[in-house]
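*Asks:* Here you go, sequence then predicted model.
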Amino acid sequence: MKGPLNNGGDLIKSPLCVKISAIFFLSIAFFYIGKHYSDVGYNQLLFFSSASSSSPSVSLSPNLNKSFDITSEINSTLPTPSAGGGSPPVSVPVPVVVPPPPAEEPLKRFGIVDENGTMTEDFEIGEYDPNVVESWGNSSDSEVAVSETRVRVSKFPICGDSLREYIPCMDNEEAIKRLVSTEKGEKFERHCPEKGKELNCLIPAPKNYKIPIPWPRSRDEVWFFNVPHTRLVEDKGGQNWMIRAKDKFKFPGGGTQFIHGADQYLDQISQMIPEISFGQHTRVVLDVGCGVASFGAYLMSRNVTTLSVAPKDVHENQIQFALERGVPAMVAAFTTRRLPYPSQAYDMIHCSRCRINWTRDDGILLLEVNRLLRAGGYFAWAAQPVYKHEPILEEQWKEMVNLTTRLCWELVKKEGYIAIWQKPLNNSCYLSREAGTLPPLCDKDDDPDNVWYVNLQPCITRLPENGYGGNVTKWPERLHTPPDRLQSIQIDAYISRKELFKAESKYWNEIIGSYVRAWHWKTLKFRNVLDMRAGYGGFAAALVDFGIDCWVMNVVPVSGPNTLPVINDRGLIGVMHDWCEPFDTYPRTYDLLHASGLFAIERKRCNVSSIMLEMDRILRPGGRVYIRDIISVVEELQEIAKAMGWRAAIHDTSEGPHASYKVLSCDKQLLRK
């Protein structure tokens, strides 16, 4: 029998003992392997600290309090060949705290996009400082620097002082001397310079010229040095037209037939015929032989737009004074041609001692008034034959009554100095006259809206059988009501014309809205505005909608469809014109000129430099120009503008930098020799 010791060998060899031994040795092996990698690696096991640590501690990152260049850190972790051909240890990127991006600005719906493609309202408009003027003459820099891809434009010289008030088509003495006859006022008509003799310099402002006094103060006073002429003060001193007070002209509001003031005169007209209803039924008025335009100036406060016209005659500066005051005015004369306004343009036509013989040549001049007067409109005549009982004047009154009767006008009221007639609403009276009554009705194929260089017609303009032109709505509804005569405009329209009309209004409302916000138009206080390609008058209507206190002369170029009847039916004023010729107004007339798509069309017919020089002539120093056109045209115009001394910049439209149209904004500086 064996003892316990003799059984020890069997115990060691037993399976249980072998398993326990294997587990023991594996534990020892894992212990040393783990410790080895904990000492040499970056990623220590959780239960070990560094080999150099003699006491328990928290391990800190070696990157504490260090800043990193992310790019260099990324590059430094890229694998590189080692001398032994092995790969270096793989580095794990250390997290870096990056500050959050700045909050984005909210998207702006309207504005002007700058050169960086950002829509913004922060633009330098450019104020004219009368104490800071640009010296333009005797400059060694004779050309404007432009890019290599464009033509160099020479600086335009400043004209002589004799041209300070130059109207090219009215002051063409050579053409006037060649006239066969001047007995009917032919010398007061347009006689434009021949080709090669156009204006090629910059009209200078008078010495001591100042920024015009803003409206409504300008109605009552203007700077003397801006229109330094005293003849009207001397000739009309007793008629309360105007007086000089030191460095200003002041306008008491009187006239030859209303020396006690225009307001009292207008009240009298309203009381005579309440149906005239200024500012509602009567919105657009023509004042013939206007003097200094106090009649139209005071109608402004009654929500009536009056176009004041007069020839450049012995009282040649009357229109210039009217424009300086901020009243709509234009040089025009009743002579041998139709005035450049459409048929049925005016709700009322007024003549106060306008020195026109209405009955000459069997009333051909009054026939022009009849063409211009809206069906149912009024003609007011304040003159000596109305109220003076002298044989020659009484004979003139009889002739006037006889003529107006044959024209089917009704004498609705005669009181004091004033007689007022009303035009019929249709052709029934004309057709019921006795056979052979003069003047006859015009032929049916006569276009009463064809006005550019068209002679006066010795006939009565027919009224449309459908009543178009006579049935306009009251103001202010008529501004946005598509008028009936919209259907008679000769254009190719594949959709409703009313939809075109409304679309144009919406288009310009959005654009003017962006101009008001981006260029702060409500703070600029511009008064006299010219839209050089007016269309249906949407630009002017938008200015009314935004409450900008200005008036707009809407120009319809002869190169496009004649939309003038629509403009006047809306309660706005307009004129036909060919931009290949100068405009009939004085220098320094307008505060703002606007042209949309004009030059892309007219450059096929005209020299664009001539148009730009004409714009400079009629623009006041400190005035502004906004031109919307295709990119190639805008870039060319920018160089011409710089050659004229304007500050010019090109802006993207709200459609963005890739749109085919750009906006050229310009400021005119006061240039000195």
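*Replies:* Thanks, I have it. Computed from a prediction, not measured in an experiment: that's the story for all the values here. Numbers count the residues shown, from 1 in each chain.

*Asks:* Surely residue 226 and residue 218 touch.
*Replies:* No. Counting by Cβ atoms under 8 Å, residue 226 stays clear of residue 218, with 10.3 Å between them. C-beta: built from backbone N, CA, C; applies to glycine.

*Asks:* Find residues that contact each of these two.
*Replies:* Common neighbours of residue 226 and residue 218 (criterion: Cβ atoms under 8 Å, 6 or more residues apart in numbering): 212, 324.

*Asks:* OK, contacts around residue 421?
*Replies:* Applying Cβ under 8 Å, 6+ apart to residue 421 gives the contacts 378-379, 381, 404, 409-412.

*Asks:* and with 6 Å instead?
*Replies:* Residues in contact with residue 421, defined by Cβ atoms under 6 Å, 6 or more residues apart in numbering, are 379, 404, 409, 411.

*Asks:* What strands line up against the helix or strand it falls within, and which way round?
*Replies:* Here residue 421, judged by DSSP states H and E, is contained in strand 418-422. Sheet partners assigned to strand 418-422 using DSSP bridges are listed as strand 373-382 (antiparallel), strand 410-415 (antiparallel).

*Asks:* Which one, of these, ends up nearest to residue 556?
*Replies:* strand 373-382 (18.2 Å; Cβ to Cβ).

*Asks:* Figure out how far that closest one is from the centre of its chain.
*Replies:* 32 Å (Cα atoms, centre = their mean, to the nearest Å).

*Asks:* which helices and strands does whichever helix or strand comes after it pack with?
*Replies:* Per DSSP H and E, strand 373-382 leads on to helix 384-387 as the next helix or strand towards the C-terminus. Applying 3 or more Cβ pairs under 6 Å, 6 or more residues apart in numbering; DSSP states H and E, one finds that helix 384-387 contacts helix 391-406.

*Asks:* The helix it packs on packs against which elements?
*Replies:* Taking 3+ Cβ pairs under 6 Å, 6+ apart as the contact cut, helix 391-406 packs with helix 384-387.

*Asks:* looking at this protein, which helix or strand is least sure?
*Replies:* None of the helices or strands of the chain scores lower by mean pLDDT, DSSP states H and E than helix 70-76, at a mean of 39.

*Asks:* quick revisit: how about the contacts of residue 421 in TSV, adding distance to residue 285 and pLDDT?
*Replies:* Formatted as TSV, those follow (distance: Cβ to Cβ, whole Å; pLDDT from 0 to 100):
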residue	distance to residue 285	pLDDT
379	11	98
404	19	98
409	17	98
411	20	98
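
*Asks:* just those residues now: which is nearest residue 537?
*Replies:* The closest of the contacts of residue 421, once distances to residue 537 are taken by Cβ to Cβ, is residue 379, at 24.9 Å.

*Asks:* Quick check: beta-bridge partners of that closest one?
*Replies:* Per DSSP bridges, the residues bridged to residue 379 are residue 349, residue 421.

*Asks:* show me the contacts for residue 259.
*Replies:* Going by Cβ under 6 Å, 6+ apart, residue 259 touches 239-240.

*Asks:* if you set the cut-off to 10 Å instead, what comes out?
*Replies:* 236, 238-241, 252-253, 265 (Cβ atoms under 10 Å, 6 or more residues apart in numbering).

*Asks:* cool, residue 452 as well?
*Replies:* With contact set as Cβ under 10 Å, 6+ apart, residue 452 has these partners: 337-338, 340, 558, 562, 576-578.

*Asks:* Just to be sure, residue 637 is in a strand?
*Replies:* No. Judged by DSSP: H, G, I helix; E, B strand; the rest coil, residue 637 forms no part of a strand; its state is helix.

*Asks:* Residue 249: what secondary structure?
*Replies:* strand.

*Asks:* roughly how far is the strand holding residue 421 from the heart of the chain?
*Replies:* With Cα atoms, centre = their mean, you get 37 Å for strand 418-422.

*Asks:* Check the secondary structure at the residue nearest to residue 219 when sequence neighbours are not counted for me.
*Replies:* Closest residue to residue 219 apart from its sequence neighbours, by Cβ to Cβ, 6 or more residues apart in numbering: residue 297 at 4.9 Å. Using three-state DSSP, the three-state assignment for residue 297 comes out as helix.

*Asks:* since we're on residue 297, how many residues are nearby?
*Replies:* The tally of other residues near residue 297 (other Cβ atoms under 10 Å) stands at 27.

*Asks:* Now do the contacts for it.
*Replies:* Neighbouring residues of residue 297 by Cβ under 10 Å, 6+ apart: 215-216, 218-220, 251, 253, 262, 287, 290, 306, 308, 322, 325-329.

*Asks:* and the residues you listed, which are buried?
*Replies:* Buried members of the contacts of residue 297, counted by 16 or more other Cβ atoms under 10 Å: 215, 218-220, 251, 253, 262, 287, 290, 306, 308, 322, 325-329.

*Asks:* Show me what residue 460 bridges to in the sheet.
*Replies:* residue 441.

*Asks:* My read is that it contacts residue 442, right?
*Replies:* Yes. Using Cβ atoms under 10 Å, residue 460 is in contact with residue 442, at 6.3 Å.

*Asks:* the strands in the stretch 451-600 of the chain, which residues?
*Replies:* Here the stretch 451-600 of the chain has its strands, by DSSP state E, counting those that start in this stretch, at 528-531, 551-557, 573-577, 590-596.

*Asks:* Adjacent strands (with direction) for the first one?
*Replies:* According to DSSP bridges, strand 528-531 has the following sheet partners: strand 551-557 (parallel), strand 590-596 (parallel).

*Asks:* Give me the distance between residue 159 and residue 628.
*Replies:* Distance from residue 159 to residue 628, counting by Cβ to Cβ, to the nearest Å: 29 Å.

*Asks:* from the contacts of residue 452, which single one is nearest residue 449?
*Replies:* The closest of those, once distances to residue 449 are taken by Cβ to Cβ, is residue 562, at 5.7 Å.

*Asks:* list the contacts for the spatially closest residue to the closest one that is not a sequence neighbour?
*Replies:* Distance criterion Cβ to Cβ, 6+ apart; nearest residue to residue 562, sequence neighbours excluded, is residue 449 at 5.7 Å. Under the criterion of Cβ under 10 Å, 6+ apart, the neighbours of residue 449 are 338, 341-345, 371, 461, 485, 488-490, 562-565, 576.
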